[in-house]
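1. have a look at this prediction, sequence included:
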Amino acid sequence: MKYYPEIKIDIEKVAEFLELPPSRIADLIEKRNLQQNWDEYDNIYRFEGHAPHLEDGTVLIDNHGSFELVRGFPKIKRAMLLEPALKNRFSELESVAVEEKMNGYNVRVVDYKGKLIAFTRSGHVCPYSTERVQNFLKRDFFKDNTDIVVYGEMVGPENPYVQKYVYDIESLDFFVFDMRYKNTGQALSVSRRRELAKEYGFNQAKLFGEFGISEATEKITQIIKELGKKGHEGVIIKDPEMVLQPIKYTCSESNCSDLHQAFKFYNETGRDYLFSRVVREGFQSYEWAESEEDFQKRCLRLGESILRPMKETIAQVQTGERISDDFHIRVRDKKVIYKFKSYLERLGLDVTFGLPEKKGNEYVISIKKINKSTNDKTLAILEGQLWS
C-alpha cells in the first residue's frame, strides 16, 4: 500500500501562487492529487493525476511561504507512421533536430538547499538517484542558472527501474536531454541547451543532426535501423527552437526487448503497455514495405519476445521458485541503502535487499523485487484454476 502523509500547506498562499481558487487546491488535496513528499523533503509537494494546466509529476517547493514549480516532463507522443507524423507535426518547419532516445529512467535535477536532488517522473525525491546524480552534474551550473531545471536519463545496468546492458556503461550514467525554466516549463532551444551542457561538461543524448523535412523520413529510418542493430531504443524528433512539442520513434528491437521483460511478469504489466508495442510493429513493418524475409524475421522476433519469457516464468514457478526482478545498485553512503529500501516500500513494492558488499569506496547491494501477482496467478493456473 502506498504511503500518504498528511498534507500541511497554506492553501490560500498556494492558490494565489497557482492563480487558482482555494477550493480547487482543497479539492486536489482531498482527492490525493496533491501529495507531500517524505522525511527531509516534507516541504516539497507533487501533483499526481489531474491538476489544472500542470503536467503529472509537477513539483511544488514551499520555501517558507514563497513557492516555485518544477514542471513535470511533458508526455511525448509517438509516431506510428513516420512520414505522415512528421508532416502533421512539423509541416511549418524547415528542419527537425534528431537526438537519441536513451533507454533508462527520466529524472529532473534541481539545486535544493545547497544539494542536488533528483525527482522521478511522478515527482518523488528518489534517494538513490539523488546520491548518484552528485557524480554527474556540477553544482556550478545551478548556481549560475538558478531558474533552470535539468532533465536527463539515468542509464546503465545498476538501475532499479530499467536495467540495460547495451550502452557499454559499467554502472550508471546520466545523459541530459532537456533544460526548462522553473515555473513556466519553457524549454531552451536545442542548440542553447547543448551549448550549456557542453560548457559545464555534462553528458548529453547524441545529436544525429538537423534534417530538412523532405529528407527527414529517410534519414531517421536509416538511424533507427542502425540503432536497432545495437539494441538501442530510438530517437526523439524536435523542433530546433522547442516551440512545438517533440515526438518519438522507436526501434523494433526495443519494442521486443520491452515485451520480453513485460511478459516475464505478465500479470503485473498493463494491457495497454503490451498491446501498444505489438501495434507499433505492425505499422513500422507496413511503412518500411519489408520483404517477406524481413517480415518473417520481425514475426519471429516479436513472437519470441512474448512467448519465451512466459514459458520461462511458468517453468520457474513450477519448481517452487518465486520470480523476481533482480538487480543491484551502487552507493557511496551506506545510509542511502536504508533510505532507498524505505522509499520503495512506501511506494508499495515488495523488495528484499542483500547485504552490502564493499567495493573500493562504494557499496554494492543486490535487490530482489517480488512480482506477487504473476507468481500467484501462475501457481493458481498450474493448480487448475481457469482463466476468466
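-> Ah, there it is.
2. where along the stretch 251-388 of the chain do the helices fall?
-> Remark: helices assigned in the stretch 251-388 of the chain by DSSP state H, counting those that start in this stretch are 252-264, 271-287, 292-318, 334-346, 372-382.
3. could you dump the fourth one to PDB, C-alpha only?
-> Taking Å, rounded to 0.1, in the frame of the first residue of the first chain, the C-alpha atoms of helix 334-346 are listed here in PDB:
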ATOM      1  CA  LYS A 334      25.600   3.400   3.400                       C
ATOM      2  CA  LYS A 335      22.600   5.400   4.800                       C
ATOM      3  CA  VAL A 336      21.200   5.700   1.200                       C
ATOM      4  CA  ILE A 337      20.700   1.900   1.200                       C
ATOM      5  CA  TYR A 338      18.200   2.100   4.000                       C
ATOM      6  CA  LYS A 339      16.600   5.300   2.700                       C
ATOM      7  CA  PHE A 340      16.100   3.700  -0.700                       C
ATOM      8  CA  LYS A 341      14.600   0.500   0.800                       C
ATOM      9  CA  SER A 342      12.100   2.600   2.800                       C
ATOM     10  CA  TYR A 343      11.300   4.600  -0.300                       C
ATOM     11  CA  LEU A 344      10.500   1.500  -2.400                       C
ATOM     12  CA  GLU A 345       8.400   0.000   0.400                       C
ATOM     13  CA  ARG A 346       6.400   3.300   0.800                       C
END
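4. helices and strands around that helix, which ones?
-> On a contact count with 3 or more C-beta pairs under 8 Å, 6 or more residues apart in numbering; DSSP states H and E, helix 334-346 meets helix 127-133, strand 324-331, strand 350-353, strand 362-370. Yep, even glycine has a C-beta here, placed from its N, CA and C like the rest.
5. cool, the third one as well?
-> Counting contacts by 3+ C-beta pairs under 8 Å, 6+ apart, helix 292-318 packs against helix 252-264, helix 271-287, helix 372-382.
6. the first one versus helix 372-382: what angle between them?
-> An angle of 70 degrees separates the directions of helix 252-264 and helix 372-382 when computed by axes from the mean of the first three to the mean of the last three C-alpha atoms, to 10 degrees.
7. returning to what we had before: what's the most buried one of the helices and strands packed on helix 334-346?
-> Sort the helices and strands packed on helix 334-346 by mean neighbour count, taking mean count of other C-beta atoms under 10 Å, and helix 127-133 sits at the top with a mean of 23.
8. following that one, which helix or strand shows up next?
-> As assigned by DSSP states H and E, the chain's next helix or strand after helix 127-133 is helix 139-144.
9. which residues are contacting that following helix?
-> 110-111, 114, 116, 148, 150, 196, 200, 202 (C-beta atoms under 8 Å, 6 or more residues apart in numbering).
10. most neighbours among the residues you listed, which one is it?
-> For those, the largest number of neighbours (other C-beta atoms under 10 Å) sits with V150, at 28 neighbours.
11. so that one belongs to a strand, correct?
-> Yes. Under DSSP: H, G, I helix; E, B strand; the rest coil, V150 sits within a strand.
12. what is the burial count for D62?
-> Around D62 there are 19 residues (other C-beta under 10 Å).
13. does it really touch I44, like I thought?
-> Yes. Using C-beta atoms under 8 Å, D62 is in contact with I44, at 7.4 Å.
14. on that earlier part again, restricted to strands, list the contacts of helix 139-144.
-> Judged by DSSP state E, these include 110-111, 116, 148, 150 as members of strands.
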